[in-house]
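>>> Sequence first, predicted coordinates after that:
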Amino acid sequence: MNTKKTALSKALISSVLLAGGAAMAAADASPVLPDTMQSVQYDTEGKVLAKSDSSFYTGQDASIEGNAVRYKDNGDGTVTDLNTGLMWQKAHDTTHRDLADTIEHVESMTLGGYDDWRVPTIKELYSLAHFDGQLMLPEDGGLAASKPYIDTEYFDFEYDQRMPFAGQFYSSTVYVKNDVQNFTKHGGLQGVFGFNFADGHIKSYESGLFFDGTEIKKSDNMFVPGCYVRAVRGTTTLYDMEYVDNNDGTVTDQSTGLMWAKDDSGERMNWVEALEYADQSELAGYSDWRLPNAKELQSLVDYEKTTFPAINTDYFNTTLKQFESIDDAYYFWTGTTQGDFKWTGAYIAFAQAWSKKNSKATEYFDWHGAGAQRSDPKAGNPEDYELASDMASDYISINNWVRLVRDAKP
């Protein structure tokens with residue numbers, strides 16, 4: 001089994017003595033991608049794997065040491081992430097608003113004496129995700145046994161008591177590739193990405209506008225549930241995506257310090273096969289390739305690109321060239337287990353994230369958006385996992401794509 005440890009620097013803020021004896025914190029180490037903090041390995045049935053059994057699934061998220069989260073509570077209602085350099089609102093507003101009202105609310109904030117608060121991008125928001133979370137069913141202990149997908153030692157989180165699964169937080173990242181769901185009026189619905197800190201998924205939510213920019217009004221008889229928000233301030237270079245083609249089938253992102261396979265796997269495979277494929281790869285002479293964790297893979301998503309696939313094709317090759325139906329689902333495995341359903345692995349959709357209105361429906365739509373993070377059973381047949389649902393029912397693929405990653409050495 002390969003030992004793969006992140007080689008990125010974790011320089012700490014240093015104190016420099018100035019003339020006259022005043023001390024000033026000086027620093028500025030480059031930002032690093034926070035780890036998912038998943039600490040337990042699971043098999044295909046969701047059972048815990050002991051460390052002695054970990055070679056059974058070499059390379060899954062919990063077996064890889066990444067950049068541990070490092071937060072500082074500033075004692076004024078704010079928390080600084082020492083990995084990214086961003087400052088966050090410690091609490092969160094418990095009012096559901098549409099995106100326009102959310103932006104207005106955040107821009108009026110003066111928390112901590114600062115007036116430059118903003119709604120985070122989806123990559124910034126996802127940096128807070130903590131993948132030891134789980135939303136438990138009532139028979140399994142309910143909210144008392146549940147853990148939100150955020151570090152509650154530093155951040156406050158409140159479950160919606162009526163709908164505990166409704167823990168979605170807006171980002172400022174609007175979905176620009178097409179409309180979402182299955183409406184046709186004014187070009188359909190405009191989506192905006194958010195992360196659900198109750199159940200651990202990225203998806204697109206209704207922004208309050210139609211896709212052509214027309215405001216949704218009460219007379220349209222459409223419900224816009226809105227989302228919560230956790231405000232952020234400051235900037236980070238972590239997601240600048242400074243790609244370098246190494247001309248050996250690999251691409252290095254100098255922003256995150258990760259090296260990627262230029263090509264995808266060329267074929268679909270289940271999660272166990274994907275872990276094995278990564279562990280056995282010797283691409284470009286390296287033997288420490290692995291499945292990316294959820295945050296690493298999400299860093300590759302090009303959310304601003306208006307066409308599919310949602311990745312920079314100037315640097316990365318894609319086997320699929322058309323994206324028109326569920327047959328073209330371009331889902332990529334991560335090594336991260338999805339906490340609510342531990343028999344599933346998290347994937348990132350690099351084209352449409354297909355779902356249908358309910359389990360009885362037959363027509364799939366791009367319900368969640370390219371760049372969504374969902375999850376699939378780790379092995380088996382799709383028909384074995386179709387669950388009855390009166391709400392959106394995701395397309396079950398099981399056999400997904402792989403893009404390998406390793407830590408780029410200095």
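Cool, the structure landed.

>>> from here on, contacts and neighbour counts on C-alpha atoms
OK.

>>> list the contacts for the nearest residue to Pro382 once chain neighbours are set aside?
When the adjacent residues along the chain are set aside, Pro382 lies closest to Ile396, with 5.7 Å between them (C-alpha to C-alpha, 6 or more residues apart in numbering). Taking C-alpha atoms under 8 Å, 6 or more residues apart in numbering, we find Ile396 in contact with Asp376, Pro377, Pro382, Tyr385, Glu386.

>>> Just the pLDDT for the last one.
Meaning Glu386. Model confidence at Glu386, expressed as pLDDT, equals 70.

>>> Please apply the same query to the second one.
What the model reports for Pro377 is a pLDDT of 97.

>>> Would you mind measuring from it to Trp333?
Taking C-alpha to C-alpha, to the nearest Å as the measure, Pro377 falls 11 Å from Trp333.

>>> contact partners of stretch 263-271?
By C-alpha under 8 Å, 6+ apart, stretch 263-271 touches 249, 316-319, 333, 345, 378-379, 398-404.

>>> And that stretch, end to end?
18 Å.

>>> List the buried residues in that stretch.
Asp263, Asp264, Ser265, Arg268, Met269, Asn270, Trp271 (16 or more other C-alpha atoms under 10 Å).

>>> Mark which of these are part of helices, please.
Mapping these onto helices (DSSP state H) picks out Trp271.

>>> Please pull up the helix or strand immediately following the strand of greatest length in the chain.
Counting by DSSP state E, the longest strand found in the chain is strand 201-210. Following strand 201-210 in sequence order, the next helix or strand is strand 227-229 (DSSP states H and E).

>>> what sits against the closest residue to Pro120 other than its chain neighbours?
Nearest residue to Pro120 in three dimensions, chain neighbours excluded: Ser171, at 5.2 Å (C-alpha to C-alpha, 6+ apart). The contact partners of Ser171, taken as C-alpha under 8 Å, 6+ apart, are Val119, Pro120, Thr121, Ile122, Leu125, Val192, Phe193, Gly194, Phe195, Val229.

>>> hmm, 6 Å instead?
For Ser171, the contact set (C-alpha atoms under 6 Å, 6 or more residues apart in numbering) comprises Val119, Pro120, Thr121, Ile122, Phe193, Gly194.

>>> all strands for the stretch 1-150 of the chain, in order.
14-17, 23-26, 41-42, 48-49, 71-73, 78-81, 87-89, 93-97 (DSSP state E, counting those that start in this stretch).

>>> could I have the longest one exported to PDB, CA atoms only?
C-alpha atoms of strand 93-97 as PDB (Å, rounded to 0.1, in the frame of the first residue of the first chain):
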ATOM      1  CA  ASP A  93     -28.700  33.300   9.600                       C
ATOM      2  CA  THR A  94     -31.700  31.000  10.000                       C
ATOM      3  CA  THR A  95     -33.900  32.900   7.500                       C
ATOM      4  CA  HIS A  96     -34.500  31.400   4.100                       C
ATOM      5  CA  ARG A  97     -34.100  34.100   1.400                       C
END
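
>>> Now do the buried residues in that strand.
Buried positions in strand 93-97, judged by neighbour count with 16+ other C-alpha under 10 Å: Asp93, His96, Arg97.

>>> Show the end-to-end separation of stretch 106-115, please.
End to end - C-alpha to C-alpha - stretch 106-115 spans 9 Å.

>>> Mind splitting this structure into its structural domains?
29-67+241-407, 71-233 (automatic domain parsing).

>>> Looking at Pro377 and Trp333 now, which is surrounded by more residues?
The neighbour comparison of Pro377 against Trp333 (other C-alpha atoms under 10 Å) goes to Trp333, with 31 against 26.

>>> in the sheet, who's paired with the nearest residue to that one once chain neighbours are set aside?
Computed as C-alpha to C-alpha, 6+ apart, the closest residue to Trp333 that is not its neighbour in sequence is Tyr347, at 4.5 Å. Counting by DSSP bridges, Tyr347 forms beta bridges with Trp333, Arg374.

>>> Help me confirm that Tyr347 comes into contact with Lys378.
No. The criterion here is C-alpha atoms under 6 Å, and Tyr347 misses it with Lys378 at 10.5 Å.

>>> Neighbour count: these two, which is higher?
Higher neighbour count among Tyr347 and Lys378: Tyr347, with 31 against 27, using other C-alpha under 10 Å.

>>> contacting residues around that one?
Phe332, Trp333, Thr334, Gln373, Arg374, Ser375.

>>> Of those residues, keep whichever come out buried.
Among the contacts of Tyr347, those scoring as buried are Phe332, Trp333, Thr334, Gln373, Arg374, Ser375 (criterion: 16+ other C-alpha under 10 Å).

>>> hmm, back to that, in CSV, could you pull the C-alpha coordinates for the helix or strand containing the residue nearest to Pro120?
Using DSSP H and E, Ser171 maps to strand 168-174. Extracted as CSV, the C-alpha positions of strand 168-174 are listed here (Å, rounded to 0.1, in the frame of the first residue of the first chain):
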residue,chain,number,x,y,z
GLN,A,168,-28.8,24.2,2.2
PHE,A,169,-26.6,27.4,2.1
TYR,A,170,-26.3,29.6,-0.9
SER,A,171,-23.1,30.4,-2.7
SER,A,172,-22.7,33.2,-5.2
THR,A,173,-22.0,30.8,-8.1
VAL,A,174,-24.9,30.9,-10.5
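
>>> Dump the buried residues of strand 93-97 to TSV, plus pLDDT and distance to Thr235.
Shown next, in TSV, are these (pLDDT from 0 to 100; distance: C-alpha to C-alpha, whole Å):
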residue	pLDDT	distance to Thr235
Asp93	85	22
His96	95	26
Arg97	96	25
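
>>> what's the closest of those residues to Leu86?
Comparing the buried residues of strand 93-97 against Leu86 with C-alpha to C-alpha places Asp93 closest, at 18.7 Å.

>>> And the closest one, how close does it get to Asp76?
From Asp93 over to Asp76 (counting by C-alpha to C-alpha), the distance is 16 Å.

>>> Ok, Lys342 next?
Lys342 is 37 Å from Asp76, by C-alpha to C-alpha.

>>> So those two - more neighbours on which side?
Counting neighbours by other C-alpha under 10 Å for Lys342 and for Asp76 shows that Lys342 has the greater number, 22 against 11.

>>> Name the nearest residue to the residue nearest the centre of the chain, ignoring sequence neighbours.
Centroid-nearest residue in the chain, with C-alpha atoms, centre = their mean: Tyr126, separated by 4.9 Å. Spatial nearest neighbour of Tyr126, excluding adjacent residues (C-alpha to C-alpha, 6+ apart): Phe195 at 6.7 Å.
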